[in-house]
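Participant: Sharing a model that was predicted from the sequence below.
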Amino acid sequence: MVVPPPPPPPSVSLPVSLDSAILPTEVELLQPFTTIGTTPEDAIFQLRDCKDGTVPLRVVVSRYLSSPHQHSFPAEKLYMILGRLRCLYYSICKYNEGVASPTPVFLQYWRQRTLDQLSGFGYQVANANEPISIIGLRELIDKLEEVFVEEIRNAQQLIQSGLITFDGLSELFHPETPVKGVIGLGGTPGIFMLTEYYYEERRSLLGMEKSFHWSMEFVVTMGEHFTVAKFSEALSGWTGVRARPLSELSYVPLDPADRDTLQKQGEKYVQFGVGGPHYVAYSPHTFFLHNSAASSSGASLSRSGGSQLPKGGRIMIDPARGALLGHHASQGMDEPTQAMTQLAGRYRRWKNTAQSTGGSSPETLVLWDTVPNELRIFCWPAVVGFSFSAKAWGHVLISGLEPIQFHDNAFDQLVLAEDRKQLIRALVRYGGDDNTDDIIGGKRGGSVFLLHGPPGVGKTLTAEAIAEVLHRPLYYVTMGELGMNPDEMERRLSDVLDLCAGWNALALLDEADVFLEQRSTADIMRNAMVCVMLRLLEYHPGILFLTTNRVRTFDPAFESRVTVALRYEQLTVESRIQVWKNLLQRVSIPIASDLKYEALGNHVLNGRQIKNAVRLAVALAKEQESPVTQSILETTLKITHLGRAEMKNDDSWKE
């Protein structure tokens, strides 16, 4: 009888721990990592120092987890950096695609970004033209997704229903999907590229606290170059597993349906971001005044700041000049704005050093003349500019910019003698073309127009019409905006004229009586202001209009500096008829065909009063749902005449 061999001894189950002595097989020695356990609670990843590849996988993981000498990692720890691993893998794929087939976006962005990531691990690529590999990185990501498959599936299902838990945030974001963030631009979102996202645990007085972190980038102009701004955000964990609406998050993935619109917005940003000043129009609620601290220079005459203007207007987009004056395309304390401000400081240092050393600078910046097409969606949604309507610097939303619809026939409709029109048109177009400048270099080659006469006869309209014909800005300034002492006036007026010279803009100084009348020894303050004005006019190269309602005696010094002086008389009957016709042709509602323009012209009104009467008549016609008729116009004129008569006879102030 054959006695069977004794049964083998029972296997001893060794406890699994980070310090367990695990004898790897020959095949396992070739792998960058091995795993023990299959569930999130008990799975452990053993990483080895493989010499193949550009960077060992263990170095990457240990650097991300701040454990440089550790080889074994619980799955839950690795799951916290899954977003980081995904972003790194995405960068390497983009890099290797570019090495195989170089594109502008690779040469301008992905190559340097990926090399910077590798240098963060302490590794430099010997040959930038060869592919990069981190052996086992893709497999590690796949294994983590396998171990946490249930958690990932649950998070994705919640996201589909518009909800999110704190532990599910890592499944909301993906490296290839742009991120939409709420920023301080009146509800307009910024679009950002995600470079990292991960969880982090820190010990506090209340125990271990968990937070979620994003690192993002966006494209911004520095005036002469485009560059990339970087910032980070953190979100503290909320207790429990309660799901929140996605709408409560400051940053969410971009809806694919919005990509085309935002791509076009980015292309518009590239158009206006560099390449000199751009004179355009902006729509209502898209311009944001900068605060008084930032607007203390650069001819900002508006005293309010930080607000969103309800009206549209015209603006000179000039990020380069704005940056020199300390203006950036956002205001506030949010992280993207702070990143932009800090980057502007770095750019100024780079530029100053490069100019002083002939091109070299220790400051390392990514600078582009244009933005690769793939990155235009990440352009900042606003640019810096100067609003001629608000007379202030600020930033304007790209979505609100549009070409100016110039009124090219405005000068033809100006009620002015034809010979005067021809003289003005010739002087503003060709007055600076000859070589009749002063013998002393640096003196002005510009033109000064003095337009004087009673109110409402077309003085201001002349300057406005000239600006329309030339498609150039008109900077309108009154004496009250220049200050009441010589120093303040010199600073403000110098800023105004400097901007006008740099932008080829026309300047209109209204209410210039204080400058034009003859000086006297009794008024020292006014004499000083006149001297300042005379000196600034001497060196201004552009076109300046001075308007006044009255001048008793011209100062001889001003007479010699005025290129041409034009006297405007009260409107004649024929002139008033023409003004009525011009204004009524431009109203937005129908007008009766039997209007009696001769009867309207017999009313003794100036141009501004006629304009006000037309505005009132249009409002009354809309109220009555009627065209503008002779009866409505006469009713309006009767009311306005009565109102002016009552004001003249009102002596209640004597009581």
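Facilitator: All right, it came through fine.
Participant: What lies in contact with the lengthiest helix in the chain?
Facilitator: Longest helix in the chain by number of residues, with DSSP state H as the criterion: helix 335-357. With contact meaning C-beta atoms under 8 Å, 6 or more residues apart in numbering, helix 335-357 is reached by 181, 183-184, 190, 192, 218, 220, 222, 224-225, 227, 229-233, 323, 328-331, 360-363, 365, 380. Placement of C-beta: from N, CA and C, glycine included.
Participant: can you give me the strands in the stretch 151-300 of the chain?
Facilitator: Using DSSP state E, counting those that start in this stretch, the strands of the stretch 151-300 of the chain run over 163-164, 179-182, 189-204, 207-221, 226-236, 244-245, 251-253, 278-282, 287-289.
Participant: Now, of the contacts of helix 335-357, which are buried?
Facilitator: By neighbour count, with 16 or more other C-beta atoms under 10 Å, the contacts of helix 335-357 hold 181, 183-184, 190, 192, 218, 220, 222, 224-225, 227, 229-231, 233, 323, 328-331, 380 as buried.
Participant: if we can go back for a sec, so which of the strands of the stretch 151-300 of the chain is nearest Cys93?
Facilitator: Of all the strands of the stretch 151-300 of the chain, strand 189-204 sits nearest to Cys93, with 14.3 Å by C-beta to C-beta.
Participant: Tell me which strands the closest one pairs with, and in which orientation.
Facilitator: strand 179-182 (antiparallel), strand 207-221 (antiparallel) (DSSP bridges).
Participant: would you turn those strands into JSON lines with mean pLDDT?
Facilitator: Below are the strands paired with strand 189-204 laid out as JSON lines (pLDDT from 0 to 100):
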{"stretch": "strand 179-182", "mean pLDDT": "92"}
{"stretch": "strand 207-221", "mean pLDDT": "93"}
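Participant: Nearest to Gly483, out of those strands?
Facilitator: It's strand 207-221; of the strands paired with strand 189-204, that one is closest to Gly483 (C-beta to C-beta) at 33.0 Å.
Participant: what comes up buried for the closest one?
Facilitator: By 16+ other C-beta under 10 Å, the buried positions in strand 207-221 come out as Phe212, His213, Trp214, Ser215, Met216, Glu217, Phe218, Val219, Val220, Thr221.
Participant: Could you pull up the contacting residues of the second one?
Facilitator: Under the criterion of C-beta under 8 Å, 6+ apart, the contact partners of His213 comprise Glu196, Tyr197, Tyr198, Tyr199, Glu200, Ser232, Glu233, Ala234, Leu235.
Participant: same thing with Gln609?
Facilitator: Neighbours of Gln609 in contact, by C-beta under 8 Å, 6+ apart: Gly456, Thr640.
Participant: So which other helices or strands are in contact with the helix or strand hosting Glu146?
Facilitator: Following DSSP states H and E, one finds Glu146 within helix 137-147. Helices and strands touching helix 137-147, as assessed by 3 or more C-beta pairs under 8 Å, 6 or more residues apart in numbering; DSSP states H and E, comprise strand 33-36, helix 57-64, helix 75-80, helix 82-100.
Participant: Quick one: list the elements packing against the helix or strand that comes right after the shortest one.
Facilitator: Put plainly, it is strand 33-36. Note on strand 33-36: by DSSP H and E, the next helix or strand toward the C-terminus is strand 44-47. The contact analysis (3+ C-beta pairs under 8 Å, 6+ apart) places strand 44-47 against strand 33-36, helix 57-64, strand 72-74, helix 75-80.
Participant: Dump the ones you listed to CSV, plus distance to Pro102.
Facilitator: Formatted as CSV, the helices and strands packed on strand 44-47 follow (distance: least, C-beta to C-beta, whole Å):
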stretch, distance to Pro102
strand 33-36, 33
helix 57-64, 26
strand 72-74, 37
helix 75-80, 34
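Participant: Kindly state the pLDDT recorded for Asp437?
Facilitator: The score at Asp437 is 53. That number is its pLDDT.
Participant: Kindly report the same for Asp650.
Facilitator: 60.
Participant: Can we start the residue count at 260 from this point?
Facilitator: With the count now opening at 260, the last piece we talked about shows up as Asp909.
Participant: Output the below-cut-off pLDDT ranges for the stretch 460-609 of the chain.
Facilitator: The model of the stretch 460-609 of the chain has pLDDT under 70 over residues 498-500, 551-565.
Participant: what about 50?
Facilitator: 552-555, 562-564 (pLDDT under 50).
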